[in-house]
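*Asks:* I'll drop the sequence and a predicted model, then ask my questions.
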Amino acid sequence: MGTRGKAVAAAAVAGTMALAAAGCGGSGGSDDSDAKGATSAPSGKASSGGTGGAAPAKEPIILAFGGDTHFEGQLRSRLGNAKSALGPVAKQLRAADLAMVNLETAITTGGTAAPKSFTFRAPPSAFKALQGSGVDVVSMANNHGMDYMEGGLRDSLAAIKRSGFPVVGIGKNANDAFRPYRVTVKGNKLAIVGATQVLDDNLIQAWTATDTKGGLASAKDVPRMVQAVKEARKGSDVVIVHLHWGAELQPCPLPRQKELAQQLVAAGADIVVGGHAHIPLGGGYMDGSYVHYGMGNFVFYSASGKTAESGVLLLKVENGKVVKDKWAPARISGGIPIPLKGAGAASALKRWNGLRGCTGLQARPS
């Protein structure tokens, strides 16, 4: 990101997102993240390599998370202009120190459609579109990540390798699928793991990565999931777990979600976020960590009514812990999340805060 881009991001933090006023603001001023490492992540906001010298001081950082994203239907044409592919919400993503979404599609133009009702795929240009809109990392561990079966998986893995774009939750084997993406952001060493707790019953065996077969990281294997978090914890300041979980259109987390969240927090996860329900769920604090049970749709061709309720989750991390959180509400129109303002935003925020009631989570860090 160049000087002009950084200025735009700073303006977005101060203005559009109003993070500072909400206590979720960044450090302000110039962002020196481009110079933090010898190897830069695609967006330029974070460094995936070491500095070769003294470790940089840890600064507070802002993390942004969006929900389910694909490029089906009318969204496919947006891939032609990477910088505007996600619409106005990209300003919020670019302003964050690291932004992540759930990429709910196979990356292929071939393969064989899976035996299911809905199958999603997108060309490799989807990675450029995400990068151009400020997204730094995605998870493909979800119930659409292998929609075009083994051929689509091979294409997806090849596209990931060619692009160099950070993707978690998918791989040539289980170790690869569970491997964390490690990146240093303003002196903070992050490790990000992705996995899915949701798979069609008839596809579980075919889609689950094993020691000898490619596929998705499955959170149904709880011991392996816990092991992945413990491994990610080593050498990290912040461990983020992105999960595909829950039940469609259910506004409260399932017992198995709550149980898994507790197990992952106990294993060392500082942040557990995810989606699948196509509507927002609640979030809050659990034993010093932050858990969010569902961010709803984000860039999604068929969103309407309740499934058009969307937003960006913003977390301020300081000294390895989430110290503040903010929901920046949006409403999907034409498949794109449009940030809300004024009374519409206030009403959506009140509704979102009310979702915490059935989660058992706390509104503030203890």
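*Replies:* Structure's in. What do you need? For clarity, every value in this text was computed on a predicted model and none was experimentally measured. Residues are numbered from 1 along each chain as shown.
*Asks:* who's in contact with the residue lying closest to H70 once chain neighbours are set aside?
*Replies:* Leaving out its chain neighbours, the residue that sits closest to H70 by Cβ to Cβ, 6 or more residues apart in numbering is T105, at 4.1 Å. C-beta here means a position set from N, CA and C on the backbone, and glycine is covered the same way. If you count contacts by Cβ atoms under 8 Å, 6 or more residues apart in numbering, T105 has them with T69, H70, F71, E72, F120, R121, A122, A126, H144, G145, D147.
*Asks:* measure T105 to L264 for me?
*Replies:* 25 Å (Cβ to Cβ, to the nearest Å).
*Asks:* any stretches of the chain with poor pLDDT?
*Replies:* 1-44, 46-56 (pLDDT under 70).
*Asks:* do that again at 50, thanks
*Replies:* 1-23, 25-42, 49-51 (pLDDT under 50).
*Asks:* in it, which helix is the longest?
*Replies:* Ranked by residue count under DSSP state H, the longest helix found in the chain is helix 149-163.
*Asks:* identify the residues contacting the following helix or strand past that one?
*Replies:* Moving toward the C-terminus from helix 149-163, the next helix or strand (DSSP states H and E) is strand 167-168. Applying Cβ under 8 Å, 6+ apart, the contact partners of strand 167-168 are 103, 137-141, 160, 179-181, 192-194, 217, 242.
*Asks:* ChimeraX command to pick out the buried ones of those?
*Replies:* To isolate the buried subset of these in ChimeraX, counting by 16 or more other Cβ atoms under 10 Å, use the following:
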select :103,137,138,139,140,141,160,179,180,181,192,193,194,217,242
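*Asks:* which residues of this protein fall in helices?
*Replies:* So, for the chain - with DSSP H - the helices run 3-14, 19-22, 90-95, 125-132, 149-163, 174-178, 204-207, 222-233, 255-267, 342-354.
*Asks:* in JSON lines: those helices, plus distance to S366.
*Replies:* Formatted as JSON lines, the helices of the chain follow (distance: least, Cβ to Cβ, whole Å):
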{"stretch": "helix 3-14", "distance to S366": "27"}
{"stretch": "helix 19-22", "distance to S366": "20"}
{"stretch": "helix 90-95", "distance to S366": "28"}
{"stretch": "helix 125-132", "distance to S366": "35"}
{"stretch": "helix 149-163", "distance to S366": "38"}
{"stretch": "helix 174-178", "distance to S366": "30"}
{"stretch": "helix 204-207", "distance to S366": "37"}
{"stretch": "helix 222-233", "distance to S366": "20"}
{"stretch": "helix 255-267", "distance to S366": "13"}
{"stretch": "helix 342-354", "distance to S366": "18"}
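*Asks:* pick the most buried one from those helices.
*Replies:* The highest mean neighbour count among the helices of the chain, using mean count of other Cβ atoms under 10 Å, belongs to helix 90-95: a mean of 24.
*Asks:* tell me which of the contacts of strand 167-168 is nearest to S347?
*Replies:* Distance to S347, by Cβ to Cβ, is smallest for H242 among those, at 28.2 Å.
*Asks:* burial count for V322?
*Replies:* Here the number of neighbours of V322 (other Cβ atoms under 10 Å) works out to 19.
*Asks:* which residues does the closest residue to it other than its chain neighbours bridge with?
*Replies:* Excluding the flanking residues, the one nearest V322 by Cβ to Cβ, 6+ apart is Y290, at 4.0 Å. With DSSP bridges as the criterion, Y290 is bridged to I271, Y285.
*Asks:* and Y290, how many neighbours?
*Replies:* 27.
*Asks:* which one of the contacts of T105 is nearest D237?
*Replies:* The nearest one, if we look at those relative to D237 and count by Cβ to Cβ, is T69, at 26.8 Å.
*Asks:* is it true that that closest one touches A99?
*Replies:* No: in this structure T69 lies outside contact range of A99 using Cβ atoms under 8 Å: 11.3 Å.
*Asks:* so who does G268 touch?
*Replies:* Contacts of G268 (Cβ under 8 Å, 6+ apart): V229, K230, A232, R233, V239.
*Asks:* where does it fall, phi/psi-wise?
*Replies:* phi 130, psi 10 (degrees, to the nearest 10).
*Asks:* ok, the closest residue to it other than its chain neighbours to T105 distance?
*Replies:* Sequence neighbours aside, R233 is the residue nearest to G268 in space, at 3.7 Å (criterion: Cβ to Cβ, 6+ apart). R233 sits at a distance of 30 Å from T105 (criterion: Cβ to Cβ).
*Asks:* equivalent analysis for A348, please.
*Replies:* Counting by Cβ to Cβ, the gap from A348 to T105 is 26 Å.
*Asks:* ok, now A158?
*Replies:* Remark: distance between A158 and T105 (Cβ to Cβ) = 16 Å.
*Asks:* do the same with V238
*Replies:* 27 Å.
*Asks:* with K58 instead?
*Replies:* From K58 to T105 the distance is 35 Å (Cβ to Cβ).
*Asks:* also A261?
*Replies:* 26 Å.
*Asks:* and of the contacts of T105, the nearest to G294?
*Replies:* For those, the nearest to G294 is T69 (14.1 Å; Cβ to Cβ).
*Asks:* that closest one pairs with what?
*Replies:* With DSSP bridges as the rule, T69 is bridged to L103, V299.
*Asks:* what's the neighbour count on it?
*Replies:* The burial count for T69: 26, using other Cβ under 10 Å.
*Asks:* OK, contacts around it?
*Replies:* Counting by Cβ under 8 Å, 6+ apart, the residues that T69 touches are L86, V101, N102, L103, E104, T105, L130, V138, F298, V299, F300.
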